[in-house]
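Asker: this one's sequence-less:
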């Protein structure tokens, strides 16, 4: 498979690295590749400049959102939630149509101060906004409820823990579930919540995730739904 | 201890029954005791009429919100979230002042259709609204993230699972944690998230809780924070 990973931050790098290690062809998409490569300072989260990361990932090319999406079989959105719709517009509806779009972004809103709130929230979600804006795309929301290192290495957290999947297209959710299994997720850890409106539920886990991060002092934790299989 | 449990629904009954079984004196508070006792039909959730429940719990008296709160050492709010502030106003700030108020309610808003949304949400919470409206009360938000049968019988769900505590007063949270332990919660299952603003996080678990209930087909599950103790 050929994947376009949109976004050059820690989540994009973790997912791109994992996909490449599994033998997939991976292109990372960004608004302006030259500007991304010209940066020499760590980003706002302390990640080293992208050029430094790419030096050890030479097989992963950096292209514009549109070029990355155009040549891909499937697309992963790891851009910041506030910029996701704009990034996907730049990728181009025609380059996304008919493809699975794995949406990992959360609509964190830092405009109200810290900790961030969510926008949209409650009666809408970013996953739904993307699905409405790109009706020809099969959006699957997943992996957005944990630290990016756990996304691609679930064994980092001991014991059983959960990854949620939301989306309108059953075949797309099945394909994404197979990808998650290839990432190391046991099939029993994947919970299909239902249609894309269930992305409200997973995006609304972020406030408690952020508080847990503060209370626990580290991000090496994940939600587990205990008792989930008693009714199965 | 003498507890006032405000609310006559399934949560109030489960908590009142548990408190009484542990040897506490328990009074249930309601807006209009005569009206509550006069009902002969199941409530909107299918619970039998209160008079029927009370027939097998004769040691638990039913009083007005104000009478129940006035004589209690501590108060438990199990009223519906949309009616909680009004119920607590009826209980009376003077009857609540200086007491621990355990808030189990969730601000579910059914006005937008099913599944319910939350109001307040995101930049505020019911727990915070109650603390602001009754500054002399020590509000501790807890137990609001699970089915009421699990609240008072955590062993109902096999394996470790989590109960969250939020509140501004450290001594009040300590007292509530001891009560939770007496309910059967292992001390290691209690996570203190921080001040009352962290109630936003636990109330915002309701949307995914409701979707999980639908996806799993039963309510015998709970959230567990896997890896929570790796940094301890």
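Answerer: Ah, there it is. What you are looking at is a predicted structure, and each value in this text was computed from that prediction instead of being measured. Numbering: from 1, shown residues only, chains lettered A, B, ... in the order given.
Asker: Okay, strands next: where are they in chain A?
Answerer: With DSSP state E, the ranges of strands along chain A come out as A:2-6, A:25-30, A:61-64, A:74-77, A:100-103, A:108-109, A:117-118, A:138-142, A:163-167, A:190-194, A:222-226.
Asker: Next, the buried residues of the last one.
Answerer: Applying a neighbour-count criterion of 16 or more other Cβ atoms under 10 Å in any protein chain shown, one finds A:222, A:223, A:224, A:225, A:226 buried in strand A:222-226. The way it works is simple: take the backbone N, C-alpha and C, and place the C-beta from them, glycine included.
Asker: Let's have the residues you listed in CSV, adding distance to chain B and pLDDT.
Answerer: Listed next are those as CSV, based on distance: Cβ to the nearest Cβ, whole Å; pLDDT from 0 to 100:
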residue, distance to chain B, pLDDT
A:222, 5, 98
A:223, 6, 98
A:224, 4, 98
A:225, 5, 98
A:226, 4, 97
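Asker: average pLDDT for stretch A:123-138?
Answerer: For stretch A:123-138, the mean pLDDT works out to 98.
Asker: Quote the end-to-end distance of that stretch.
Answerer: 21 Å (Cα to Cα, to the nearest Å).
Asker: Now that stretch: buried residues?
Answerer: A:123, A:124, A:125, A:126, A:127, A:128, A:129, A:130, A:131, A:134, A:137, A:138.
Asker: Within reach of chain B, which of these are there?
Answerer: Among those, the ones lying near chain B by Cβ under 8 Å from any Cβ of the partner chain are residue A:123.
Asker: Closest to chain B out of the buried residues of stretch A:123-138?
Answerer: Chain B lies nearest to residue A:123 out of these, by Cβ to the nearest Cβ, at 5.1 Å.
Asker: and the spatially closest residue to that closest one that is not a sequence neighbour, how many neighbours does it have?
Answerer: With Cβ to Cβ, 6 or more residues apart in numbering or on different chains as the criterion, residue A:123 has its nearest non-adjacent residue at 5.1 Å, and that residue is residue B:117. Other residues near residue B:117 number 20, with proximity taken as other Cβ atoms under 10 Å in any protein chain shown.
Asker: and residue A:44, what pLDDT?
Answerer: So residue A:44 comes in at 84 (pLDDT).
Asker: what about stretch A:24-38, average pLDDT?
Answerer: Mean predicted confidence for stretch A:24-38 is 98.
Asker: Just give me how far it sits from the chain centre.
Answerer: In terms of Cα atoms, centre = their mean, to the nearest Å, the centre of stretch A:24-38 is set 16 Å apart from its chain centre.
Asker: Dead centre of chain A: give me the residue that sits there.
Answerer: Computing the C-alpha centroid of chain A and ranking residues by Cα atoms, centre = their mean puts residue A:104 first, at 2.1 Å.
Asker: ok, that residue - contacts?
Answerer: A:11, A:15, A:76, A:77, A:78, A:141, A:142, A:143, A:144, A:151 (Cβ atoms under 8 Å, 6 or more residues apart in numbering or on different chains).
Asker: buried subset of these?
Answerer: A:11, A:15, A:76, A:77, A:78, A:141, A:142, A:143, A:144, A:151.
Asker: Surely the fifth one is in contact with residue A:18?
Answerer: No: using Cβ atoms under 8 Å, residue A:78 is not in contact with residue A:18; the gap is 11.7 Å.
Asker: Enumerate the positions of the longest helix along chain A that are buried.
Answerer: Counting by DSSP state H, the longest helix found in chain A is helix A:170-183. Neighbour-count burial for helix A:170-183 flags A:172, A:173, A:175, A:176, A:177, A:179, A:180, A:183 (criterion: 16+ other Cβ under 10 Å).
Asker: With adjacent residues omitted, what lies nearest to residue A:36?
Answerer: That would be residue A:30: by Cβ to Cβ, 6+ apart, it lies 4.5 Å from residue A:36.
Asker: Residue A:180 and chain B, how far apart?
Answerer: Separation of residue A:180 from chain B (Cβ to the nearest Cβ, to the nearest Å) stands at 16 Å.
Asker: any low-confidence regions in chain A?
Answerer: Applying pLDDT under 70 to chain A picks out residues A:229-232.
Asker: measure residue A:83 to residue A:77 for me?
Answerer: 10 Å (Cβ to Cβ, to the nearest Å).
Asker: do residue A:38 as well
Answerer: For residue A:38, the distance to residue A:77 - Cβ to Cβ - is 24 Å.
Asker: Then residue A:203?
Answerer: 13 Å.
Asker: Ok, residue A:168 next?
Answerer: Residue A:168 is 16 Å from residue A:77, by Cβ to Cβ.
Asker: Not counting sequence-adjacent ones, nearest residue to residue A:159?
Answerer: According to Cβ to Cβ, 6+ apart, the nearest residue to residue A:159 is residue B:226 (5.1 Å).
Asker: Next up, the contacts around the one you found.
Answerer: A:157, A:158, A:159, A:160, A:161, A:221, A:222, A:223, A:224.
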